[in-house]
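Undergrad: for reference, the sequence and a predicted model appear below.
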Amino acid sequence: MVDRKLENFDCGHRACGGCGASAAVRMILKGAGENTIVVSPTGCLEVFSTPYPETAWKTPWIHSLFENASALASGIEASLKKQGRLGKEKILVIGGDGATVDIGTLCISGAFERGHDFTYICYDNEAYMNTGIQRSGATPYDADTTTSPAGACSTGNNRPKKDLPQILVAHGSPYVATATMAYPMDLMKKVEKAMNTPGPCYIQVHAPCCTGWGFDSAKTMEIGRMAVECGLWVNYEIENGELVSQKKVKRVPVDAYLQAQKRFRHLFRPERNEAEIAKIQAIADKNAKKYGIDIE
Amino acid sequence: MTMQIMEGSIAVAETVRLCRPQVISAYPITPQTHIVEGLASIVADGRLDAEYICVESEFSALSACIGASAAGSRVYSATTSQGLALMAEVVFNSAGMRLPIVMGIANRAISAPLSIWNDQQDSIMMRDSGWLQFYAEDNQEALDLHILAYKICEDHNILLPAFVCFDGFILSHVYESVDIPDQEAVDAFLGEFNPYQKLDCNDPISFGMYATPEYYLEFRYEHDQAVKRAAEAFKKYGKEFGEKFGRDYSELVTQYQMEDAETVLIAMGSICGTIKDAIDEMRDAGKKVGLLGIRCFRPFPSEDLRALLGNAKRVAVLDKNVSLGAKGAVALEVKDACYGMDLPIYDYILGLGGRDVRKSDIKNIVALAEEGKGDMFYGLREEVL
């Protein structure tokens, strides 16, 4: 059972108001439970939670570099095993999408192939937010970022999101899931399940970033729900390679989700870019078909 | 003491076993491979109760060591050359995190052009990382320095990682007679790993927080102070090592025929053995030549060198590395140490990428120094001149 009163991520950290990642982390730590050692790669979370000599972490926490959190987790796991502490204490990596789907992929692949007992959670805010909204491999198609700017010859990011969850399914991970901070109970339950599943488990958590995506900081949860309702984000669980659950929705067109965020506004002004919006709708349709999320 | 003839890498692996690391994390690379193969066999045969992580890169090898060390285990890794270059970010980070990691370096040249053969450019490239750096003259020193390194690094007044450097192939693959100490003696010398702090759910702390401009300078100062304190720790524990194991390591700089030496050679690593033989022959011919061997490059023994060079007339530094566009790293340090002394110091870059250095080369270098010729690459093929 998730202990909803557990608060291992303290108040007073320096995240932006309305930060989806910080809300996600608070829920993640409730789901993870007591006796969790957290590893964070460099990124927003690391920076807003640990400016020396202050820390927001009430559970053991370590940061080393941007790309090596999984390798650190491997070493921690080996050490706990040797000391007879593994099981009594659990290991959780929480990193952003840049650290996870881009620069840290080698370390993640190695750690998952070796089968270390730890859980890796990516809070996916779909760009390098700590350095000022640069494109990552998790940035969605057509999003305007500072390194994939929309312009006279560009409609923004020209590639779809890298599908890291499926890459880790291919590694033989016993539990791969997606979640969003907009559905807290679902997120906490998935974290609890991952932490109690032996072997390397992965959860990618949609974490809207009001600063980077361009929406009112009061609407983080709403944006998160809209992503699920249009099918651009799918919540699912894959156990030992088999899809075992998916969040079914009565899907709405992607327009409202896109229009609510400044990163997609170039698709609507000066006039509606029907061709590009159709391509994004096709991504949502493909997701819906692949994971069977449509309520008939 | 039982002397055994064995390959340098195997002697190192057997010694690491005696140090009882609880986690070993390594990635194979020539000429380090026999060490990690040796350790893998030792663990597979149940001769060492350790977790052995076969990582996917050197970057992860040292990163896993950070995690394991921070979680409270004694750790070991080994690498060389390109592997060390790939680790670069982790090398600096692990030192800043003040984790007592010991890593063997089978010294090898750096690409390009690709070379698997020996020089010391790899560890020298990391001279500013805040790791301690010890250099072995022979295989006995290579294994002794591993034991000593753990003792120094784990001292709560030091808390730093260390490279134990030994020349690739020249030492790592050569069979020599060595004394592998008794397990009981090593246990008594090192004791169990006693981390200063660790990741522990009963006592949560945060490791690796970032520092704002208000604090960063002080972190660097304290790190620098710890590296400097390691000089005294080396001498203290090196003396203790000598009392326990019969081989004294109380000096950061080794001396050979220094009493009346007019020309002093300064070098690091296995080349010191060749130099000693050359000195014997030069002494027979009436030349007053001596050797100072740098056993501890970080911290650099500036004061020791200054004192030892008081009667020298000239110094020839033999560098198996080069800071391109400047000089060899050892020469630069020696010149800094001897600043203000009326003493000519000549640098000779030699032996790079495995080029053989013979006794005749040492004699030629002494002759060049006597003529006042130096600060040069020695032994170049004529077509580049």
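TA: Good, I have the coordinates.
Undergrad: and the residue of chain B most remote from its centre, how far from A:Leu80?
TA: Distance from the centre of chain B peaks at B:Asn202, with 37.4 Å (CA atoms, centre = their mean). Using CB to CB, to the nearest Å, we find B:Asn202 at a distance of 13 Å from A:Leu80. For glycine as for every other residue, the C-beta is placed from the backbone atoms N, C-alpha and C.
Undergrad: other SSEs contacting the longest helix along chain B?
TA: For chain B, the longest helix by residue count, based on DSSP state H, is helix B:216-245. Helix B:216-245 sits against helix B:88-96, strand B:132-135, helix B:139-154, helix B:183-190, strand B:296-298, with contacts defined as 3 or more CB pairs under 8 Å, 6 or more residues apart in numbering or on different chains; DSSP states H and E.
Undergrad: I'd like these laid out as JSON lines, including mean pLDDT.
TA: Formatted as JSON lines, these follow (pLDDT from 0 to 100):
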{"stretch": "helix B:88-96", "mean pLDDT": "98"}
{"stretch": "strand B:132-135", "mean pLDDT": "98"}
{"stretch": "helix B:139-154", "mean pLDDT": "98"}
{"stretch": "helix B:183-190", "mean pLDDT": "98"}
{"stretch": "strand B:296-298", "mean pLDDT": "98"}
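Undergrad: TSV for the ones you listed, including distance to B:Cys54 and mean neighbour count?
TA: Output for the helices and strands packed on helix B:216-245, formatted as TSV (distance: least, CB to CB, whole Å; neighbours: other CB atoms under 10 Å in any protein chain shown):
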stretch	distance to B:Cys54	mean neighbour count
helix B:88-96	17	21
strand B:132-135	27	27
helix B:139-154	21	25
helix B:183-190	26	14
strand B:296-298	30	24
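Undergrad: okay if I get these as CSV plus distance to A:Gly151?
TA: Output for the helices and strands packed on helix B:216-245, formatted as CSV (distance: least, CB to CB, whole Å):
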stretch, distance to A:Gly151
helix B:88-96, 34
strand B:132-135, 51
helix B:139-154, 54
helix B:183-190, 63
strand B:296-298, 51
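Undergrad: which one of those lies closest to chain A?
TA: Closest to chain A of the helices and strands packed on helix B:216-245, according to CB to the nearest CB: helix B:88-96, at 5.5 Å.
Undergrad: the closest one near chain A anywhere?
TA: Yes. Helix B:88-96 is in contact with chain A by CB under 8 Å from any CB of the partner chain, via B:Glu89, B:Val90, B:Asn93, B:Ser94.
Undergrad: near chain A, which residues of the stretch 51-200 of chain B show up?
TA: B:51, B:53-57, B:59-60, B:63-73, B:75, B:89-90, B:93-94, B:97, B:199-200.
Undergrad: sec struct for A:Ile94, please.
TA: With DSSP: H, G, I helix; E, B strand; the rest coil as the basis, A:Ile94 sits in strand.
Undergrad: quick one: the strands in the stretch 51-200 of chain B, in order.
TA: When secondary structure is read from DSSP state E, counting those that start in this stretch, the stretch 51-200 of chain B shows strands at B:51-54, B:75-79, B:102-107, B:132-135, B:162-167, B:175-179.
Undergrad: adjacent strands (with direction) for the first one?
TA: For strand B:51-54, the pairing partners within the sheet under DSSP bridges are strand B:23-26 (parallel).
Undergrad: residues in contact with the partner strand: which ones?
TA: Under the contact criterion CB atoms under 8 Å, 6 or more residues apart in numbering or on different chains, strand B:23-26 has outside partners A:74-75, A:78-79, A:82, B:16, B:32, B:35-36, B:39, B:43, B:50-55, B:60-62, B:64-65, B:68-69, B:73-79.
Undergrad: in PyMOL, how would I select the buried members of the residues you listed?
TA: What follows is the PyMOL syntax selecting those of the contacts of strand B:23-26 that are buried according to 16 or more other CB atoms under 10 Å in any protein chain shown:
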select buried, (chain A and resi 74+75+78+79+82) or (chain B and resi 16+32+35+36+39+43+50+51+52+53+55+60+61+62+64+65+68+69+73+74+75+76+77+78+79)
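Undergrad: what about the contacts of strand B:23-26, which are in helices?
TA: Residues of these located in helices (DSSP H): A:74-75, A:78-79, A:82, B:16, B:35-36, B:39, B:43, B:60-62, B:64-65, B:68-69.
Undergrad: burial measure for the closest residue to B:Phe207 other than its chain neighbours, as a count.
TA: Distance criterion CB to CB, 6 or more residues apart in numbering or on different chains; nearest residue to B:Phe207, sequence neighbours excluded, is A:Ile62 at 4.0 Å. For A:Ile62, the neighbour count with other CB atoms under 10 Å in any protein chain shown is 24.
Undergrad: cool, and B:Gly242?
TA: Residues lying near B:Gly242 (other CB under 10 Å) number 14.
Undergrad: quick check: it vs chain A, distance?
TA: As for B:Gly242, its distance to chain A is 32 Å (criterion: CB to the nearest CB, to the nearest Å).
Undergrad: over to B:Gly290?
TA: 45 Å.
Undergrad: let me see the contact set for the nearest residue to that residue once chain neighbours are set aside.
TA: Distances taken as CB to CB, 6+ apart place B:Ala261 nearest to B:Gly290, at 2.8 Å, with adjacent residues excluded. Listed by CB under 8 Å, 6+ apart, the contact set of B:Ala261 reads B:Lys288, B:Val289, B:Gly290, B:Asn311, B:Ala312.
Undergrad: what kind of secondary structure is the fourth one in?
TA: The reference is to B:Asn311. Per three-state DSSP, B:Asn311 ends up coil.
Undergrad: give the contact list for it.
TA: B:Asp260, B:Ala261.
Undergrad: state the pLDDT value of it.
TA: Predicted confidence (pLDDT) for B:Asn311: 95.
Undergrad: try the second one
TA: The predicted local distance difference test score for B:Val289 is 98.
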